[in-house]
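>>> Can you look at this prediction? I've put the sequence above it.
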Amino acid sequence: MLILLQPCFIARICFIRRIMLMVGIHRSFKRLGLDYIVAFACLTVSIATAGFFYFGNQSASASQKQVVLQTRDGITSSMTSARTVGDFLIESGIPFSDGDLIVPPPSTPVKPGIVVSYTPSVTVFVADAGNPPVKFDFPGTTVCELLDVYGYRLSPLDRVEPAPSTPLEDGMEIEITRVQVLDVTKERKIDPPLIIEADPSLPRGRMDEVQSGTPGLAEEVTRIYFRNGTETLRHELTTRTLIPPTERIARVGTRSIPSPVSRDGTGSRNVINMIATGYDPGPRSCGPFADGRTATGRLAGRGVCAVDPNVIPLGTELWIEGYGYAVAADTGSAIKGYRIDLCFDTYEEALSYGRRRVLVYIIE
């Protein structure tokens, strides 16, 4: 009914009637009721014309489909006439490449309401355990995701820079530091403790062994730290005695004798007159790179001394006047000739010991 009321429709009827009047057939057509036929014909033409424009517009609207696009910048919605996801991305000004992550794939037909996710790939370099960096073109979002996809398995001790939760950026360099902790168990010999007894019946400078001891056996657990396969630190965790040692007992003469030890320190073959000083295993005595080990690899502590190997061979057991039992297991740049450096557990003990002349007994 709305079509009948359109101005264009009324104008067409009037135009046709004028033509019929001009040719003189109006009255005859009127007698036959053809006036109504003309009106019906005009109505048909108008309906056809209106239908053409209406359905044509409907067809054009149907080719426009709504698409939701998800990118790193956010979510947008737009209308498109593109046939595939790839065409839609190009239409949206996104020149994608093979390394980009597109869901669904670019060849997927576009349907109304489709959701398209686009993540561009970035170039990232990964250096693992000090090895040369490896290049990856990856469309992921975080460092953790990249490491997981390419099979980089991390232990709880391993370190990653930047942090695994860091978003990926083009040209980013990722460094993996492998940290390993190893506990090593080994058995070591326990030297028998030496008990020194003063004997006034023996001349000074003489030492007699009364009882020979037997060594014991201990189980030692050492923890070793490695970084990218290189040892960085080790320390002793536990020590358990498996077989206790038995004591060695020796008597040292205290009776004065007419001829004292010579000034060069070599009066008797088993006693030496030396200048003694003290030190501790820490950095204040041994420098900033001290690791608590002696020149022979032994742990430094009380009962260890530094000597000149040309005077006293390393490994020699000694008894030092005013100090006690010690093993010559260390050296020092300033320990030359008849000098001996006695190890103490603390810096304060070593400092208070000072510098003094002592008799050093070589235990045979």
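Received the coordinates, thanks. Residues are numbered from 1 along each chain as shown.
>>> So what's the residue count around residue 331?
16 (other C-beta atoms under 10 Å). C-betas here are computed from N, CA, C, even on glycine.
>>> same thing with the one 10 residues further on?
Burial of residue 341 is recorded as 20 neighbouring residues (other C-beta under 10 Å).
>>> and it, that's in a strand?
Yes. Counting by DSSP: H, G, I helix; E, B strand; the rest coil, residue 341 is part of a strand.
>>> For beta bridges, what are the partners of it?
For residue 341, the beta-bridge partners are residue 277, residue 306 (DSSP bridges).
>>> domains of this structure?
Following automatic domain parsing, the chain resolves into domains at 1-46, 65-119, 122-177, 259-362.
>>> show me the contacts for residue 72.
Residue 72 makes contacts with 119, 120, 141, as judged by C-beta atoms under 8 Å, 6 or more residues apart in numbering.
>>> Could you measure from the last one over to residue 148?
In this structure, residue 141 and residue 148 are separated by 12 Å, where distance is defined by C-beta to C-beta, to the nearest Å.
>>> Check the first one too.
When distance is defined by C-beta to C-beta, residue 119 is 16 Å away from residue 148.
>>> Show me which of the two is the more surrounded one.
Between residue 119 and residue 148, counted using other C-beta under 10 Å, residue 119 has the larger neighbour count: 18 against 14.
>>> quick one: that one and residue 142 touch, right?
No. The pair residue 119 / residue 142 is not scored as a contact, 11.7 Å apart, by C-beta atoms under 8 Å.
>>> buried sites along stretch 335-351?
335, 338, 339, 340, 341, 342, 343, 344, 347, 350 (16 or more other C-beta atoms under 10 Å).
>>> Identify the farthest-apart pair in those.
By the measure C-beta to C-beta, 338 and 347 form the most distant pair in these, at 24.9 Å.
>>> where does the stretch 101-250 of the chain dip in pLDDT?
For the stretch 101-250 of the chain, the stretches with pLDDT under 70 are 205.
>>> and if we set it to 80?
The stretch 101-250 of the chain contains residues with pLDDT under 80 at 203-207.
>>> which residues of it fall in helices?
Counting by DSSP state H, counting those that start in this stretch, the stretch 101-250 of the chain has helices at residues 143-149.
>>> which residue is nearest the centroid of the protein?
Centroid check for the chain by C-alpha atoms, centre = their mean gives residue 159 as the closest residue, at 1.6 Å.
>>> That one pairs with what?
Beta-bridge partners of residue 159, counted by DSSP bridges, are residue 177.
>>> separation between it and residue 227?
Look at residue 159 and residue 227: by C-beta to C-beta, they are 9 Å apart.
>>> Name the residues contacting each of these two.
Residues touching both residue 159 and residue 227 (C-beta under 8 Å, 6+ apart) are 177, 179.
>>> hang on, the earlier thing: my read: the residue nearest to the centre of the chain touches residue 128, true?
No. Counting by C-beta under 8 Å, residue 128 is not a contact partner of residue 159; they are 11.7 Å apart.
>>> Which residues are in contact with each of these two?
Contacts common to residue 159 and residue 128, judged by C-beta under 8 Å, 6+ apart, are residue 176.
>>> remind me, longest strand of this structure?
Taking DSSP state E as the criterion, the chain has its longest strand at strand 230-243.
>>> Send me that one as PDB with only the CA atoms.
This file holds the C-alpha atoms of strand 230-243, laid out as PDB (Å, rounded to 0.1, in the frame of the first residue of the first chain):
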ATOM      1  CA  THR A 230      82.400 -24.400  36.100                       C
ATOM      2  CA  GLU A 231      83.000 -24.900  39.900                       C
ATOM      3  CA  THR A 232      82.500 -21.600  41.800                       C
ATOM      4  CA  LEU A 233      82.400 -22.700  45.400                       C
ATOM      5  CA  ARG A 234      82.700 -25.700  47.700                       C
ATOM      6  CA  HIS A 235      82.300 -26.100  51.400                       C
ATOM      7  CA  GLU A 236      82.200 -29.000  53.900                       C
ATOM      8  CA  LEU A 237      78.700 -30.000  55.000                       C
ATOM      9  CA  THR A 238      79.200 -32.800  57.400                       C
ATOM     10  CA  THR A 239      82.000 -35.000  58.800                       C
ATOM     11  CA  ARG A 240      81.300 -38.300  60.500                       C
ATOM     12  CA  THR A 241      83.900 -40.400  62.300                       C
ATOM     13  CA  LEU A 242      83.700 -44.000  61.100                       C
ATOM     14  CA  ILE A 243      86.800 -45.300  63.000                       C
END
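>>> closest one to residue 192 among the domains of the chain?
Of all the domains of the chain, domain 259-362 sits nearest to residue 192, with 10.3 Å by C-beta to C-beta.
>>> What's the mean pLDDT across that closest one?
For domain 259-362, the mean pLDDT works out to 85.
>>> so how far is that domain off the chain centroid?
44 Å (C-alpha atoms, centre = their mean, to the nearest Å).
>>> could I get the domains of the chain as a markdown table with distance to residue 219?
Below are the domains of the chain laid out as a markdown table (distance: least, C-beta to C-beta, whole Å):
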| stretch | distance to residue 219 |
| --- | --- |
| domain 1-46 | 104 |
| domain 65-119 | 56 |
| domain 122-177 | 26 |
| domain 259-362 | 16 |
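>>> Which of those has the highest mean neighbour count?
Highest mean neighbour count among the domains of the chain (mean count of other C-beta atoms under 10 Å): domain 259-362, with a mean of 16.
>>> now residue 353: how far from residue 143?
Per C-beta to C-beta, residue 353 is found 55 Å from residue 143.
>>> again with residue 86
29 Å.
>>> do the same with residue 216
For residue 216, the distance to residue 143 equals 53 Å [C-beta to C-beta].
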